[in-house]
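In: sequence and predicted structure, then a few things I'm wondering about:
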Amino acid sequence: MKKLSFILFLFLLIPFLAHAAGPVKILIVPGHDDEAWGTQFKNVKEADMNVKLGLMLYNKLKKDKNFEVYITRDWEDYRPEFKEYFSKNGEAIADFIKEKKTVFNGKMADGEIDRNQLVEHNTVNNDVATKLYGLNKWADENNIDAMIHIHFNDYPRGRAWERGDYKGFAIYTPEHQMNNFKESFQLASFVFQKLFHDYAISNYPPEKSGVVPDQELIAIGAFDTLHTRSILIEYGYIYERKFSTFSKRATQMRVMAEDTYQGIKKYFDYIAKQPIK
């Protein structure tokens, strides 16, 4: 409870920004894909779990007239608008990445930004990185109000059928020096409160706060490549027993989708009532 109280204390210190009239535009990003499927436990791939939960959340938001919702991929592949965007904008995305990295690294060299990284992450290949940076570019170009990245966690294990030592959920947000920190942290705090009602926080020490600031995850705006709100939710460790069977996974995902939807809804309901500043 001390962790939760601390997060809520920080949360109350940050002023809210009212949202303009009209539906809230949400982009759901089920992490990984069929070519780079993330982690795996036995024969269950993370990418498939991400899509299943992503579609559950998508369908909930789709039924709510207050939201205009997009999802990057489904069971077939990337949705046509994103597949086309990646195909037609490869050079523009590369230039975008180069420009943002140059500016950000310059600020670090000048001491305007300090490196502050709690968790070391696996590196991704160039194709995955290009897609993630491309989604950041697309989101800002299309005035997306929030990006929700869906993942399941892991920690190095000897074999794919062995269980690991850690369990629990964590929400990654941009670190406080990033462009999109404030609004992302606000959103993460609301979603955290809902998930915390049903699930334990990760017991992996760097994730013990539940809401984890990060500079290096591309999904939430590495190198200041994103202005909109973005959070990456690690809903649990893929080897946890509550995900051991198809029926258990489905049951948990329904709760997780509902909690996430309610957190998003409560956040945007709240800021809609705030005076425009």
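Out: The structure has been received and is ready for your questions. Numbering: from 1, shown residues only.

In: next, the buried residues of the longest helix seen in the chain.
Out: Longest among the helix segments of the chain by residue count, using DSSP state H, is helix 246-272. Neighbour counts over helix 246-272 (16 or more other CB atoms under 10 Å) mark 249, 252-253, 255-257, 259-265, 267-268, 271 as buried. Placement of C-beta: from N, CA and C, glycine included.

In: what segments of this structure are strands?
Out: For the chain, applying DSSP state E gives strands covering 24-30, 40-41, 44-45, 67-71, 146-153, 170-174, 211-214, 229-237.

In: mind listing what K248 touches?
Out: Residues in contact with K248 (CB atoms under 8 Å, 6 or more residues apart in numbering) are R241, K242.

In: go again with 10 Å.
Out: Residues near K248 by CB atoms under 10 Å, 6 or more residues apart in numbering: E240, R241, K242.

In: and the residues you listed, which of them are buried?
Out: For these, buried by 16+ other CB under 10 Å: E240.

In: follow-up on the earlier one: closest to L55 out of the strands of the chain?
Out: Checking the strands of the chain against L55 by CB to CB gives strand 67-71 as the closest, at 7.0 Å.

In: could you give the angle of that closest one to strand 24-30?
Out: 20 degrees (axes from the mean of the first three to the mean of the last three CA atoms, to 10 degrees).

In: what is the neighbour count of N89?
Out: The local packing of N89 (other CB atoms under 10 Å) involves 17 other residues.

In: tally of neighbours for the closest residue to it other than its chain neighbours?
Out: Using CB to CB, 6 or more residues apart in numbering and skipping residues adjacent in sequence, the residue nearest N89 is G134, 6.6 Å away. If you count neighbours by other CB under 10 Å, G134 ends up with 22.

In: pull up the gap between G134 and V128, please.
Out: The gap separating G134 from V128 is 11 Å, by CB to CB, to the nearest Å.

In: which neighbours do those two have in common?
Out: Common contacts of G134 and V128 (CB under 10 Å, 6+ apart): I218.

In: A129 and F243, how far apart?
Out: 28 Å.

In: list the contacts for G90?
Out: Applying CB under 10 Å, 6+ apart to G90 gives the contacts T130, G134.

In: one more: M108?
Out: Contact partners of M108, counting by CB under 10 Å, 6+ apart, are D114, R115, Q177, Q215, F223.
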